[in-house]
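Participant: Fold the following for me, if possible:
(one chain, ligands or ions: 1)
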Amino acid sequence: MRATAIAQPNIALIKYWGKRDLERNLPAVGSISITLRDLYTKVAVDLVPQSRSDTLLVNGAEAPSMLARISACLDRVLGEQRPRAAVSSTCNFPIAAGLASSASAFAATTVAAAAAARRAYTTAELARLAGAASGSAARSLIGGFAELANLGDTIEVRPLRDLESWPLEVVVAITESGPKSTSSTTAMEISRQSSPFYDSWVNQQAHDLGIARTAIAQRDFAQLANIAEHNCLKMHSVMWASRPPTVYWNATTMRCLQTIRRLQGEGCNVFFTIDAGPQVKAVCLPGEADRVRQALAETSGVEAIMTSGLGPAARVVVQLDG
Ligand code: PMV
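Facilitator: As a prediction, this is how the structure comes out:
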């Protein structure tokens, strides 16, 4: 039995940073994200009962270093007694470079595995399973604007607004396409154990989530811009103050922020956010995308630009027997 699923990455506007339960991969804080339309990961899961081990191809090449996490994800979705699987993933953007490739990869793997085995999970259950593999993956089970909330000993994702009702655009400036220096899981633990700002980060998150939720409900771009930039800079301050420090930015990251500040000074409706990597994501109103794209493309050191509108939830695209 085989199935293929597509999932889009999502970009957090109010960030997840830190885990409250390492074993179960439960986040310390809630988060709010937007799912992107033009970046995707497509994952085919082929259940092969006669096979003795899982295999993984990423963009056509064997990827042994990622196989253990994929196998663990399949175990959670199908149980440890499951048949082995041939998994093949294709992705149209750089992997492990702070562009949420793990979010789309684990969301697509979870959805494809469940469909291949004909398991009728609800979206809430799929989100929990994807989130156990990669915290941010849970949000790719929702299209448009999504909130991930911490509930007792679990998580819950819900849509805050659909993608058509507030069509924001995201311009991604790639400042370095290689894999990131420190994985987000490692860096989060270093932050939790050593950053003097970690507790304030966790304690202030409910406040930031509330402001962002209201801004999204009211389509208040200025308010969303303000809280998203603040939340992003706070997350990176937590990392910078940890021991050893985690600094994902490079000189071009900083130049992109200066470009965005200049555009804002000229009245452009744009704001930045940066995740666990050096790339800069500029979120803007649709009419501003060309201008933002051009200004970031002209920023010294920017290697490539990708532009995307908001995208749909993870979904099955092929389901086959035999
Ligand atoms: O899901 P992970 O383990 O790759 O962590 C994602 C962390 C950030 O991208 C920095 C923030 C977020 O909420 O996506």
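
Participant: Let me know the average pLDDT across stretch 248-256.
Facilitator: Mean pLDDT, computed over stretch 248-256, is 97.

Participant: what about it, near the ligand?
Facilitator: No. If you take Cβ under 6 Å from any ligand atom as the test, stretch 248-256 misses the ligand, and the best it gets is 8.6 Å. The C-beta positions use only the backbone N, C-alpha and C, and glycine is treated the same way.

Participant: Any buried residues in that stretch, and which?
Facilitator: By 16 or more other Cβ atoms under 10 Å, the buried positions in stretch 248-256 come out as 248-249, 252-253, 255-256.

Participant: Which single one of the residues you listed is nearest to the ligand?
Facilitator: Distances from the buried residues of stretch 248-256 to the ligand were compared by Cβ to the nearest ligand atom; the smallest belongs to residue 248, at 8.6 Å.

Participant: need the helices for the stretch 51-200 of the chain, in chain order.
Facilitator: 64-78, 101-116, 123-133, 184-194, 198-217 (DSSP state H, counting those that start in this stretch).

Participant: what's the most buried one of these?
Facilitator: Across the helices of the stretch 51-200 of the chain, averaging neighbours per residue (mean count of other Cβ atoms under 10 Å) puts helix 101-116 on top, at a mean of 29.

Participant: helices or strands up against it?
Facilitator: Secondary-structure packing of helix 101-116 (3 or more Cβ pairs under 8 Å, 6 or more residues apart in numbering; DSSP states H and E): strand 2-7, strand 41-48, helix 64-78, strand 84-91, helix 123-133, strand 315-320.

Participant: what inclination does the fifth one have with respect to helix 64-78?
Facilitator: Between helix 123-133 and helix 64-78, the angle comes out at 150 degrees (axes from the mean of the first three to the mean of the last three Cα atoms, to 10 degrees).

Participant: what do you get for the last one?
Facilitator: What separates the directions of strand 315-320 and helix 64-78 is an angle of 90 degrees, with the same axes, to 10 degrees.

Participant: What lies in contact with strand 315-320?
Facilitator: The contact list for strand 315-320 (Cβ atoms under 8 Å, 6 or more residues apart in numbering) reads 1-7, 42, 44, 111-112, 115-116.

Participant: In those residues, find the pair that's most separated.
Facilitator: 1 and 7 (19.7 Å; Cβ to Cβ).

Participant: Compare neighbour counts for these two and give me the winner.
Facilitator: residue 7 (29 against 17; other Cβ atoms under 10 Å).

Participant: any idea how far the ligand is from that one?
Facilitator: Separation of residue 7 from the ligand (Cβ to the nearest ligand atom, to the nearest Å): 13 Å.

Participant: I figured residue 52 hits residue 84, correct?
Facilitator: Yes. Using Cβ atoms under 8 Å, residue 52 makes contact with residue 84 at a distance of 6.3 Å.

Participant: higher neighbour count, those two?
Facilitator: Higher neighbour count among residue 52 and residue 84: residue 84, with 17 against 6, using other Cβ under 10 Å.

Participant: is that one in a bridge, and if so with what?
Facilitator: Beta bridges link residue 84 to residue 48, judged by DSSP bridges.

Participant: Might one say that it is in contact with residue 45?
Facilitator: No. Taking Cβ under 8 Å as the definition, residue 84 is not a contact partner of residue 45, at 10.8 Å.

Participant: Tell me how many other residues crowd whichever residue of the stretch 101-250 of the chain sits closest to the ligand.
Facilitator: Going by Cβ to the nearest ligand atom, the ligand is nearest to residue 136 of the stretch 101-250 of the chain, at 3.3 Å. Around residue 136 there are 27 other residues, counting by other Cβ under 10 Å.

Participant: Hmm, residue 16 and it touching each other?
Facilitator: Yes. Here residue 136 lies in contact with residue 16, judged by Cβ under 8 Å, at a distance of 6.1 Å.

Participant: any weak-confidence spans in the chain?
Facilitator: 96-98, 322 (pLDDT under 70).

Participant: For it, what lies in contact range of the ligand?
Facilitator: 12, 15-17, 31, 102-103, 134-136, 184-185, 275-276.

Participant: same thing but at 8 Å, please
Facilitator: For the chain, the residues in contact with the ligand (Cβ under 8 Å from any ligand atom) are 10-12, 14-17, 25, 31, 33, 98, 100, 102-103, 134-137, 139, 183-185, 188, 235, 275-276.

Participant: before we move on, what SS does the residue lying farthest from the centre of the chain have?
Facilitator: Centroid-distance maximum for the chain: residue 50 at 34.6 Å, with Cα atoms, centre = their mean. Of the three states, residue 50 takes coil under DSSP: H, G, I helix; E, B strand; the rest coil.
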